[in-house]
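Participant: What follows is a predicted structure for the sequence shown.
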Amino acid sequence: MKVDLIDPRDARWEQFLAEIHHDFYHLPSYVSLAAKHESGSPIAFYAEDRDAMFLAPLLVKRIPAYLSPPGSWFDATTPYGYPAPLLWPPGDDQALERFLQVFRETCAEHGIVTAFFRLHPLMTLPQSALVKQGALVRHGQTVYIDLSITHEDFWAQLDRTHRKDIRKLMKSGYEAHIDDWNHYQDFIDIYRETMKRLSATEFYSFSKGYFNELRSVLGDNLHLCTILSPEQEVAAAGLFTTFNGIAQYHLSGTADKYIKESPSKMICEAIYAFSKNAGNKVFHLGGGLGGNNDSLFKFKAGFSSLLLDFYTYRMVLDEGKHAMLIKFWRQKYAPVADSAFGPDFFPSYRQLPHTAAEAA
């Protein structure tokens, strides 16, 4: 078996992607961008075994200094989104089990203690192999729209309130525009306004540099949808991608002034129409925060009854080092009540009091 930890400049990364169905989250350029925002080093675990291949994009991060790790210890996580490991052939459970075992051994040799993966709801892996090498955790469901349905069927499947609100907005003079990049700064301002209103964590405070580089990295695969009010103000806006037949809802926001009108509902209708006309096969809206069945999930479920399971996957790669880190963590936070910590956070030694579970 050929095994290596490769960086985004390694030609094998792009060559692997050329051979297998993937999403934009798997691109080395996107992983590199995410590394800047998430303070990690972009790598991929690459392996070949006879006719089987495996690629796992990751961000490697140094273990926090407050845990006093005795040496260069690291952990790994997937970038923001759904950059799940990719397997060829996709359903080969025996190959996946072999690759995961060698992944464990290789990462441990490089001082990587744990690995956390957000799995792609549309690109499933054999669960029988996953559960033998780590912990598979189901968080909830995500929503998608089959873009082969007619526009009439799309309207018919909408939640009654969604359908009523969208028609009311259109009748009132609201308009949807795709790829009018003159409004990109308006989107950024509205997105930040929305995150502040929702008291979102610092992670979601993407810089202007991030947004500019995201557009540079994804090029024509990144799209901007803006909803203009009758006064020609940007009432809501969102970024979405179209890549390899998949439309993905990425980031969005609604201006404080227009919250009651719910203009974001028009964004989803506009993305559906644009993505269908462009020949894509599915529009993935995603799920609730952390995969939960919350108000965000219910909003998205109002557009389609088609659901997918969302999982994360966790691996302890070095049991001895992991046990030491847990010990250090417990010593540091022993005075803190257990109720201050979420039961689902992984790796637990990175959790700070009142930190929500890591499963976006």
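Facilitator: Structure's in. What do you need?

Participant: how about the lowest-mean-pLDDT helix or strand in the chain: buried residues?
Facilitator: Least confident helix or strand of the chain, by mean pLDDT, DSSP states H and E, is helix 319-333 with a mean of 89. Neighbour-count burial for helix 319-333, with 16 or more other C-beta atoms under 10 Å as criterion, is recorded at 321-322, 324-325, 328-329, 333. Just so you know, the C-beta spots here come from the backbone N, C-alpha and C atoms, and that holds for glycine as well.

Participant: and the nearest residue to residue 247 once chain neighbours are set aside, what helix or strand is that in?
Facilitator: With sequence-adjacent residues excluded and distances taken as C-beta to C-beta, 6 or more residues apart in numbering, residue 247 is closest to residue 275, at 3.7 Å. Using DSSP states H and E, residue 275 sits in helix 264-277.

Participant: before we move on, what about residue 242?
Facilitator: strand 234-243.

Participant: Mind listing the strands that strand pairs with, and their directions?
Facilitator: Paired neighbours of strand 234-243 in the sheet (DSSP bridges): strand 222-228 (antiparallel), strand 246-254 (antiparallel).

Participant: Show the contacting residues for the residue sitting nearest the centre point of the chain.
Facilitator: Taking C-alpha atoms, centre = their mean as the criterion, residue 81 is the residue nearest the geometric centre of the chain, at 1.2 Å. Neighbour list for residue 81: 23, 25, 34, 118, 248, 250 [criterion: C-beta atoms under 8 Å, 6 or more residues apart in numbering].

Participant: Ranking by neighbours, what's the top pick from the residues you listed?
Facilitator: residue 248 (25 neighbours; other C-beta atoms under 10 Å).

Participant: Residue 46 versus residue 11, what's the distance?
Facilitator: 11 Å (C-beta to C-beta, to the nearest Å).

Participant: which stretches of the protein form helices?
Facilitator: 11-17, 28-38, 93-109, 127-133, 151-157, 160-172, 184-197, 208-218, 264-277, 295-301, 319-333 (DSSP state H).

Participant: hey, which of these is tucked in deepest?
Facilitator: The highest mean neighbour count among those, using mean count of other C-beta atoms under 10 Å, belongs to helix 264-277: a mean of 22.

Participant: Mind giving me the packing neighbours of it?
Facilitator: Packing partners of helix 264-277 (3 or more C-beta pairs under 8 Å, 6 or more residues apart in numbering; DSSP states H and E): helix 151-157, helix 160-172, strand 175-178, strand 222-228, strand 234-243, strand 246-254, strand 282-287.
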